[in-house]
Structures are given as C-alpha cells and as structure tokens.
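Novice: Just to be clear, the model below is a prediction. Sequence and coordinates:
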Amino acid sequence: MKFKRRDFIETASLAAATLAIAPGFAFGKNSAGSKFRLGFIGVGLRGTWHLENSLKRDDVEVVALCDTNPVRLDICRQHIAEAGRKKAREFGSDDFDYRNLLDLSGLDAVIISTPWLWHTPMAVDAMKAGKYAGVEVSAATTLEECWDLVNTHEATGTHMMILENVNYRRDVMAVLNMVRQEVFGEMIHYRCGYQHDLRHVKFNNGKQPYGGGVEFGEKAMSEARWRTQHSLKRNADLYPTHGVGPIAAYADINRGNRFMSLTSHATKSRGLHDYLVREGGPDHPNAKLEWKLGDVVTTTIDTANGETIIVTHDTNLPRPYSLGFRVQGIRGLWEVDGNRIYVEGESEPHKWDDADAWLKKYDHPLWQKFGDHAEGAGHGGMDFFVLNAFVESAKRNIPPPMDAYDAAAWSAITPLSETSIANNGEVQDFPDFTRARWINRKPYDWIKDTW
Ligand SMILES: NC(=O)c1ccc[n+]([C@@H]2O[C@H](COP(=O)([O-])OP(=O)(O)OC[C@H]3O[C@@H](n4cnc5c(N)ncnc54)[C@H](O)[C@@H]3O)[C@@H](O)[C@H]2O)c1
C-alpha cells in the first residue's frame with residue numbers, strides 16, 4: 001500500500017492556519033501539487049531505511065543522495081529504480097561533498113544518518129543552507145555542539161528535528177496518552193535507558209554489519225567502523241535519546257519543565273574485553289585495549305518540576321534488549337519490564353495488571369489511524385511515524401515535535417555524564433538551551449491523529 005497524499009487532506013486547514021503564521025515559509029514557491037524534495041546524507045543501514053520509507057510516500061521525491069561509500073550509493077540507486085522513481089543526484093567524492101548537495105536549489109530538506117561526529121556539523125550546514133534538517137540520534141556529542149544546533153537554528157530561522165523514533169513506539173505513545181489524561185496523576189519519577197547488548201554491533205569481520213569477528217575501525221563494517229571508538233575513548237552515557245526522548249515528551253521538557261542537573265556513575269569496564277578474549281583469543285590486538293566506557297552507566301536527572309529520571313546505558317554485557325521504562329505518578333505507574341501497570345482505585349490493591357488491556361484502551365490516535373500501514377516500516381512501525389512527522393512538519397516549515405532545543409538538551413547528557421563520572425559523581429548543571437523560554441513554551445500537542 002502506498003501512503004497517499006489524500007490521507008493528509010484533513011490536516012489542510014490546520015496547515016493553512018500554521019502557514020499563515022510561519023515565518024520564512026520556504027516551500028510556497030513550489031508549483032501546486034509538486035512533491036516535497038528530500039535529500040539524504042549518509043545512506044548506511046539507517047539512512048537506507050529512511051530512504052525506503054520515503055520511497056513509499058507519494059508526496060516525496062528523493063532528489064539527492066550523499067555517501068562517501070560508493071557501495072551504499074549503488075544499493076540506494078537500485079532501491080530508487082525498483083520503486084520506479086527518477087534517478088537522484090549523487091554526492092560523496094569526499095567527506096565534505098555533502099555541502100554540494102546542500103547547495104542544490106531544488107531541495108527542501110535533508111535527512112542526516114551519518115556517524116555521530118558528523119551530525120552537528122552537517123545539521124549546522126544544512127540549516128545555514130536553508131534546508132530543513134532531520135538528524136539521527138544522538139544529535140550532538142559535546143556541549144559546544146549542543147549550542148551550535150540551537151544558535152544556528154535561531155540565527156537562520158531554519159528548523160531541525162531530532163529523529164527519535166522511540167517517541168513513536170506504540171506502547172510509549174499509549175502511555176503518553178495515559179500521562180496526558182492524568183491516569184497516573186501528577187508525575188513524580190521516571191526510569192529509562194539504552195540496555196542493548198551491542199557487542200556484535202561494536203565488532204564484526206568487515207564483511208557483515210553484525211558479528212562474525214572482532215574488528216572495529218578501518219577493518220570493520222557499518223557502525224563498528226566508527227561507533228566502537230567512542231567506547232574506547234569515552235566513559236559516559238553515549239546514547240541517551242532512545243530512553244530520554246519519550247520521557248522528555250511525558251515531562252514536557254523545554255515546554256514548562258526542563259532538565260536542571262544530573263549526576264552520573266559508571267561501573268568498571270569488563271564486558272568488551274571479555275568478549276574480545278573469548279571471540280578473538282587473548283593474543284588478538286583488540287584484546288589488549290583498555291576500554292574507557294563503564295559497562296553500566298547510571299545517570300540521575302533532576303527536573304525543574306521536581307521529578308527525577310534515572311537513565312541507564314548498558315551496551316557491553318549479555319542481556320535481552322530493554323529500554324527499561326518506568327513512568328510513575330501519585331496514582332500509579334507503568335513498568336515496561338514485566339509489561340505491567342498499577343493504578344490506584346482501578347487495579348486490585350498491591351497487585352499489578354497486565355499492561356496489555358491498558359495499552360489497548362489508551363492506544364494513541366496516530367496508531368489507531370496508521371498502525372496497519374506503519375507495521376511494515378521497520379522498528380515495529382515507529383520509523384514510519386518519525387519520518388511522517390518530519391516530512392509533514394518540513395512540508396509546512398513549522399517547528400517539529402522534537403526540535404533543536406530538545407536535540408540539545410537530550411544530547412547534552414553525554415558530555416555532562418562524562419564530566420560527572422570523571423569527577424566522582426559531581427553534580428553537573430544543564431545549560432538552559434531555551435534561554436528561559438521553557439517557562440512560557442507550550443507543551444507540544446502529542447495527542448492527535450495527524451503527525
Ligand atoms: N533511530 C534508530 O533506531 C537508529 C538505528 C540505527 C542507527 N541510528 C543512528 O543512525 C546513524 C547512522 O547509523 P548506521 O547504522 O546507518 O551507520 P552506518 O555506518 O551503517 O552508516 C553511516 C553512513 O554514513 C556514511 N558517511 C560517513 N561519513 C560521511 C560523510 N562525511 N559524508 C557522507 N557520508 C558519510 C558512511 O559511509 C555510512 O554509509 C547513527 O547516528 C546511529 O546512531 C539510529
């Protein structure tokens with residue numbers, strides 16, 4: 001099934017209202033009925049997913065691709081041909097060829113799915129070029145980069161969206177609906193994290209993206225080429241946004257609330273060394289390396305409204321995947337592990353309910369409307385919704401659900417946790433990226449069936 005433009009006709013009046021007030025509206029010059037023109041910077045595994053989902057949309061034309069690896073361009077060229085679409089312009093002759101893509105006049109927006117160290121420089125260049133920017137997670141790796149995103153957005157008036165797909169997971173959105181309807185009462189405490197055994201992602205044999213060897217860097221493929229070095233060099237929560245993005249939506253972070261400070265602690269580092277010795281042998285050069293990243297990094301964030309958020313980063317040890325959500329108010333709570341909910345006055349006292357019936361009852365309107373279509377889009381459907389929110393926001397040139405301030409505040413957890421860990425858990429204050437505008441910024445309207 002193709003995603004038709006007419007599915008969005010009902011949003012037209014809202015869009016029209018928004019366009020009337022949107023400064024610097026960029027797409028009005030397109031002739032009526034013309035498609036939204038999208039470019040891709042970085043078409044590795046993730047960028048190719050976004051490309052494939054974009055090719056399913058009738059309202060999007062893929063006009064340009066950039067990747068420094070020609071093999072990835074070949075793969076994407078094939079996807080475009082198979083979809084019966086026009087050939088896209090191609091870039092990638094060197095690391096900065098993406099700037100030539102950004103110079104294209106017939107381009108409205110870009111999706112950036114490159115290694116982490118490229119996210120901010122590319123997003124900044126995209127905003128400077130007037131292209132609405134979608135940036136994969138995390139968006140920034142230092143506090144300076146977090147400010148670069150905010151400052152560039154404010155200086156150019158161009159929007160950026162952090163493409164946090166977990167905010168669109170079905171259970172996460174149902175719980176958001178419950179939080180908004182105050183089923184749990186006033187919110188008190190949250191837990192979340194990235195608890196994912198990435199050992200087979202951090203190391204491979206250079207021929208396949210996952211496992212089969214213990215190489216990383218130049219000798220490896222996909223994420224092991226660049227992601228693993230961060231575990232070698234940094235002791236921090238390296239990947240906070242899958243956990244903290246949904247919690248930030250529940251807690252209205254940057255919209256009436258904000259992250260104030262954090263403290264962070266790390267365990268010793270054993271998991272990667274143990275894996276390398278067992279898989280590659282004690283004499284393999286990688287078995288002699290000292291990894292900086294503690295196996296379990298635990299961060300506690302304080303919010304302006306008096307909640308706490310415990311964020312866990314756990315990627316070096318054997319374990320089943322879990323983002324570890326716990327969402328707790330004065331009347332009850334949801335825990336994703338165990339799939340259970342307790343609501344005072346509704347649940348049998350002191351006994352958990354299976355979460356399924358609650359999640360069904362509060363199924364988010366977006367999922368009710370587009371769920372069947374979304375299921376095929378990858379990552380259980382949430383990739384469809386995050387792309388949809390990006391395209392629909394960018395088409396109208398309106399602020400996205402997850403903007404430069406969110407990208408900065410969420411990504412700041414990495415450098416702040418690193419400093420805290422290095423200083424024996426010393427409290428680190430979050431910069432106020434909104435420059436006090438969080439006080440008046442209205443909560444984002446998440447509960448709607450458009451995007
Ligand atoms: N939201 C999610 O669920 C999710 C899932 C996977 C990955 N990601 C994120 O997506 C990003 C990409 O991850 P991936 O798995 O696709 O990695 P990948 O290594 O498979 O792809 C990255 C691509 O960027 C290209 N690249 C590197 N430098 C470039 C440059 N200067 N110009 C143009 N292209 C360049 C590489 O050649 C490669 O093809 C990462 O930030 C990752 O954290 C998010």
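Specialist: Here it is on my side, so go on.

Novice: could you give me the average pLDDT of stretch 357-369?
Specialist: What stretch 357-369 shows for mean pLDDT is 97.

Novice: now the helices for the stretch 201-350 of the chain?
Specialist: Remark: helices assigned in the stretch 201-350 of the chain by DSSP state H, counting those that start in this stretch are 228-233, 241-250, 271-280.

Novice: So the first one, near the ligand or not?
Specialist: If I follow you right, that is helix 228-233. No. For helix 228-233, no contact with the ligand is found by C-beta under 6 Å from any ligand atom; the gap never falls below 10.3 Å. (Glycine included, C-beta is placed from N, CA and C.)

Novice: tell me the angle the helix or strand where Ser420 lies makes with helix 241-250.
Specialist: Element membership for Ser420, per DSSP states H and E: helix 413-422. Angle between the axes of helix 413-422 and helix 241-250 is 110 degrees (criterion: axes from the mean of the first three to the mean of the last three C-alpha atoms, to 10 degrees).

Novice: ok so, going back, and the helices of the stretch 201-350 of the chain, which is most packed in?
Specialist: Of all the helices of the stretch 201-350 of the chain, helix 241-250 has the most neighbours on average by mean count of other C-beta atoms under 10 Å, namely a mean of 26.

Novice: what sits up against that helix?
Specialist: By C-beta atoms under 8 Å, 6 or more residues apart in numbering, the list of residues contacting helix 241-250 from outside reads 137-139, 162, 164, 166-167, 169, 172, 175-176, 179, 187, 190, 192-194, 253-254, 301, 309, 311-312, 323-325, 327, 401-402, 406, 409-411, 413, 444, 446.

Novice: of those residues, list those near the ligand.
Specialist: Val137.

Novice: OK, now which residue of the protein is nearest to the ligand?
Specialist: Gly44 (1.8 Å; C-beta to the nearest ligand atom).

Novice: Look at that residue and say how many residues are nearby.
Specialist: Per other C-beta atoms under 10 Å, the neighbour tally for Gly44 reads 21.

Novice: follow-up on the earlier one: among the contacts of helix 241-250, which ones are in strands?
Specialist: Ile162, Met187, Tyr190, Cys192, Gly193, Tyr194, Ile301, Ile309, Val311, Thr312, Val327 (DSSP state E).

Novice: which of these has the most neighbours?
Specialist: That'd be Ile162 among the ones in strands among the contacts of helix 241-250, by other C-beta under 10 Å, with 31 neighbours.

Novice: quick one: the nearest residue to that residue once chain neighbours are set aside and Met260, what's the gap?
Specialist: Nearest residue to Ile162 in three dimensions, chain neighbours excluded: Ala407, at 3.9 Å (C-beta to C-beta, 6 or more residues apart in numbering). Distance, Ala407 to Met260, using C-beta to C-beta, to the nearest Å: 18 Å.

Novice: which bits of the stretch 351-451 of the chain sit near the ligand?
Specialist: By C-beta under 6 Å from any ligand atom, the residues of the stretch 351-451 of the chain that approach the ligand are His379.

Novice: which residues of the stretch 351-451 of the chain fall in strands?
Specialist: Assigned by DSSP state E, counting those that start in this stretch, the stretch 351-451 of the chain shows strands spanning 353-354, 428-429.

Novice: winner for burial among these?
Specialist: With neighbours defined as mean count of other C-beta under 10 Å, the strands of the stretch 351-451 of the chain peak in mean count at strand 428-429, which reaches a mean of 17.

Novice: can the helices of the stretch 201-350 of the chain go into CSV with extra columns for mean pLDDT?
Specialist: Shown next, in CSV, are the helices of the stretch 201-350 of the chain (pLDDT from 0 to 100):
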stretch, mean pLDDT
helix 228-233, 98
helix 241-250, 98
helix 271-280, 98
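
Novice: Please produce a markdown table containing those, extended by distance to Glu346.
Specialist: Below are these laid out as a markdown table (distance: least, C-beta to C-beta, whole Å):
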| stretch | distance to Glu346 |
| --- | --- |
| helix 228-233 | 44 |
| helix 241-250 | 19 |
| helix 271-280 | 41 |
